[in-house]
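J.: Next comes the sequence, and after it the predicted model I'd like to discuss.
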Amino acid sequence: FDVAKGTLVGALKALSELLGPLDAAIRERNSQAAHLHIDETSQKVFEAVADKVGNRWWLWTFLGPDTVVFLIDPTRSTRVVAEHL
C-alpha cells in the first residue's frame, strides 16, 4: 500500500468526526476498568508552550484488560491520572 503522507493525513482529518466518539468510548471504558497498569515515560517535544521550561513532556500509558489509552502531557503530575480516572 503506497500512499502519500499528505493524502493519509487528509483522510484522517476528514474522519476525525467519526473517530472522536470512538476515542471517547475507549477512554471511558479504560477509565472504568477494575485494574489498570499506568506508566509515564519522558518524551522530548519541541513545541513552545507558555510557562513551560524545557522540552520534556510525558507519554502516559493506561493499560486495561481490553483497552489501551495513550496521553501526552507537559507534566508528570498526578493530575493526568486523576483526570483520566
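T.: Okay, I see it. From a predicted model like this one, the values you see are computed outputs, not experimental measurements.

J.: so what's the residue nearest in space to the middle of the chain up against?
T.: Most central residue of the chain, judged by C-alpha distance to the mean C-alpha position with C-alpha atoms, centre = their mean, is L71 at 2.6 Å. If a contact means C-beta atoms under 8 Å, 6 or more residues apart in numbering, then L71 has 59-60, 62, 80, 84 as its contacts. (Glycine included, C-beta is placed from N, CA and C.)

J.: what's the answer for R79, then?
T.: Applying C-beta under 8 Å, 6+ apart, we find R79 in contact with no residue.

J.: that older thread, show me which residues of the strand or helix carrying the residue nearest to the centre of the chain are buried.
T.: Secondary structure from DSSP states H and E places L71 in strand 68-73. Of the residues in strand 68-73, those with enough neighbours to count as buried (16 or more other C-beta atoms under 10 Å) are V69.

J.: Please export the C-alpha coordinates of that strand as CSV.
T.: Output for strand 68-73, consisting of C-alpha atoms alone and laid out as CSV, is shown next (Å, rounded to 0.1, in the frame of the first residue of the first chain):
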residue,chain,number,x,y,z
VAL,A,68,-5.1,1.0,26.0
VAL,A,69,-5.1,4.8,26.2
PHE,A,70,-2.0,7.0,25.4
LEU,A,71,-1.9,10.6,26.6
ILE,A,72,0.8,13.1,26.1
ASP,A,73,1.1,15.9,28.7
